[in-house]
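[1] Test case, fold it:
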Amino acid sequence: MSENQSNKKKDEKMKQNKAKKSLLDRIPHPLALLFYIIIFAAILTYIIPSGEFDRVVMESNIGTVTKTIPGTYHAIEKNPVGIFDILRAIPEGFVGIADIVFIVFAAAMMFGVLEKTGMLENTIGSFVKKIGRERKFLIVAIVTYVYGLLGIFVGYENNIALVPIAVVLALAIGGDVLLGAGIAVGGISVGFGLAPFNPYTVGIGHKIAEMPLFSGWPYRLVIVFILLTILVFFNIRYFKRILENKDKSLVQEVDTTGLTLSKDLSQYSMSMQDVIMALVFLVGLVIMLWGVFTKGWYIKEIAAVFLGVGIISGLAAKMKPDEISETFSKALEPSALAAIIIGLAQAIKVVMDQGGISDTIANALVANLDKLPTMVAVVYMSITQSIINLFIPGGSGQALVTLPIMIPAGDMLGFTRQTTILAFQIGDGLTNIMTPTLGGLMAMLGLCRVPFGKWVRYIASYTAVAFIISWIFLVISVLIGYGPI
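    Below is the predicted model:
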């Protein structure tokens, strides 16, 4: 065979492989994707009229916040965003989201020490050995529920540091990094997004609606339990598929160096040093939970706890300061991409705020609610929140912009305010599981080493099912007059 014929065959094979790629497989690298979205947002500032609502400062259960005053939307002077403004928005985005960037670094440094000393591998190896690989599906189910509970009670970005544990565990029982992401990122996203006691969405919503804080929680608890159970089913189904055929894994090309167990399960046990370090880690978690629930701690304080756990764990392992510093330095390298992605995601909001189009989009999406049939309107409410979530990906910020508009609209349609807040929570919370503009999600996927396109391909069908079930509960809430108010 001539060289030309050989090259032609290679080219044909490459074209065939390209043709086989699904649309989701062609999603650009997260950095490129977010940069395209920033440019798109900038273009919108030339097309969409600028406008804003009047706002008032108020106290909420998470501190001082700024609330939108309904009925006050008005046009403002157009301020399109230029090329230099786009570039400047990126460092501004980093400044605005610096606390989340640092919690990613703090988590990386802490787990760098736990990995370097072998404590993380020995603990997970011993756990799997104790439970037994034959009970691997039970492990997936239990750990998915655990991450769901962490999402409900601890928060979203607060759990970034715990995500790598699920990846190491998934690889230890024969899964892949995508299964680990399904367990951790999926569990945290569903738990936090639909948490019965979420202070950033439900809490602010109840404050705006002048309702008892976290009232109606049993109904929301039923929804989140059902959706977590369905997530367990989806995770196990994918796990069975890759156990039967490794070629079915969507992330075969991902480098898992540093995440896999290096020994046979029978060789794992925990030394006294491992036990001491595990106790330091658990004490750190307890302190974090205590601070969150009793002192109102948020990202900065939690990052400080992770950093402290990393330093104390290193000292417990008899590491010298220089060795701890070197370990921190190496651990930061793989987390740099996740941190950059967070800053780019925030830059999208910066561009839209500079152009004055965020309020215009929110106002346009909820303006015609009262013209729709009741059952259609309540589902449309949640859909509008999903769309707005792409542009305003923070739950509390979105609540403060849209709920003052949605609550009066819901009143006119005859919804209880509890139903209006549930519609908001479903639209915001479920979209979080695959919103590229959400820095916390992109950071978690970065720590899992899962490309965004692969994640969307994995989680899209689950998200569709979760929305349908949630909308059924939303319609039922209208029919039963879900209250109070």
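[2] Can you check the pLDDT for Asp428?
    The score at Asp428 is 89. That number is its pLDDT.
[3] So which elements touch whichever strand or helix holds it?
    Element membership for Asp428 (DSSP states H and E) is helix 417-431. In terms of contacts (3 or more CB pairs under 8 Å, 6 or more residues apart in numbering; DSSP states H and E), helix 417-431 is packed against helix 177-193, helix 204-208, helix 217-244, helix 374-391, helix 395-413, helix 452-480. Every C-beta, even on glycine, is put in place using the N, C-alpha and C of the backbone.
[4] quick check: angle from that helix to helix 395-413?
    Counting by axes from the mean of the first three to the mean of the last three CA atoms, to 10 degrees, helix 417-431 points 140 degrees away from the direction of helix 395-413.
[5] got the angle for helix 417-431 vs helix 374-391?
    40 degrees.
[6] Give me the distance between Ser266 and Lys129.
    For Ser266, the distance to Lys129 (CB to CB, to the nearest Å) stands at 7 Å.
[7] the more surrounded of the two?
    Neighbour count, other CB atoms under 10 Å: between Ser266 and Lys129, Lys129 has more, with 16 against 8.
[8] Tell me which helix or strand that one sits in.
    helix 119-131.
[9] Ignoring the adjacent residues along the chain, who's closest to Met375?
    Closest residue in space to Met375, ignoring its immediate chain neighbours: Val475 at 5.7 Å, by CB to CB, 6 or more residues apart in numbering.
[10] Could you tell me what pLDDT the model assigned to that neighbour?
    Val475 is assigned 95 on the pLDDT scale.
[11] Quick one: neighbours of it, just the number.
    Other residues close to Val475 by other CB under 10 Å number 16.
[12] And for Ile392?
    For Ile392, the neighbour count with other CB under 10 Å is 24.
[13] before we move on, back to that, distance check, the residue nearest to Met375 against Val143.
    Using CB to CB, we find Val475 at a distance of 33 Å from Val143.
[14] which parts of the lengthiest helix in the chain are buried?
    If you go by DSSP state H, the chain has its longest helix at helix 321-355. By 16 or more other CB atoms under 10 Å, the buried positions in helix 321-355 come out as 324, 327-328, 331, 334-335, 337-355.
[15] quick revisit: now the angle between helix 177-193 and the helix holding Asp428, please.
    Going by the same axes, to 10 degrees, helix 417-431 makes 160 degrees with helix 177-193.
[16] Just the angle for helix 417-431 relative to helix 452-480, thanks.
    Counting by the same axes, to 10 degrees, helix 417-431 points 170 degrees away from the direction of helix 452-480.
[17] roughly how far is helix 417-431 from the heart of the chain?
    Taking CA atoms, centre = their mean, to the nearest Å, the mean C-alpha location of helix 417-431 is offset from the chain mean by 17 Å.
[18] Show me what the helix or strand just after it is packed up against.
    On the C-terminal side of helix 417-431, the nearest following helix or strand under DSSP H and E is helix 439-448. Secondary-structure packing of helix 439-448 (3+ CB pairs under 8 Å, 6+ apart): helix 30-47, helix 98-116, helix 163-172, helix 177-193, helix 321-355, helix 452-480.
[19] what packs against the first one?
    Judged by 3+ CB pairs under 8 Å, 6+ apart, helix 30-47 is in contact with helix 83-96, helix 321-355, helix 439-448.
[20] Compare these and give me the one nearest Gly187.
    Proximity to Gly187 (CB to CB) singles out helix 439-448 among the helices and strands packed on helix 30-47, at 10.9 Å.
[21] so the closest one versus helix 177-193, what angle?
    Between helix 439-448 and helix 177-193, the angle comes out at 160 degrees (the same axes, to 10 degrees).
[22] Also compute the angle for helix 439-448 relative to helix 321-355, please.
    Interaxial angle of helix 439-448 relative to helix 321-355 (the same axes, to 10 degrees): 140 degrees.
[23] From the chain's centroid, how far away is helix 439-448?
    In terms of CA atoms, centre = their mean, the centre of helix 439-448 is set 7 Å apart from its chain centre.
[24] buried stuff in it?
    439-448.
[25] same question, stretch 253-261
    254, 258-259, 261.
[26] Please apply the same query to stretch 397-411.
    Those would be 397-410, for stretch 397-411 by 16+ other CB under 10 Å.
[27] Tabulate the residues you listed (a markdown table), appending distance to Leu228 and pLDDT.
    Converted to a markdown table, these look like this (distance: CB to CB, whole Å; pLDDT from 0 to 100):
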| residue | distance to Leu228 | pLDDT |
| --- | --- | --- |
| Gly397 | 26 | 71 |
| Gln398 | 23 | 77 |
| Ala399 | 23 | 79 |
| Leu400 | 28 | 75 |
| Val401 | 28 | 75 |
| Thr402 | 26 | 80 |
| Leu403 | 25 | 82 |
| Pro404 | 31 | 80 |
| Ile405 | 31 | 79 |
| Met406 | 26 | 81 |
| Ile407 | 28 | 82 |
| Pro408 | 33 | 79 |
| Ala409 | 31 | 79 |
| Gly410 | 27 | 82 |
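[28] Ala107: how many residues sit nearby?
    By other CB under 10 Å, 29 other residues sit near Ala107.
[29] Distance of the nearest residue to it once chain neighbours are set aside relative to Ile433?
    Counting by CB to CB, 6+ apart, Ala161 is the residue found nearest to Ala107 once chain neighbours are left out, at 3.2 Å. Per CB to CB, Ala161 is found 19 Å from Ile433.
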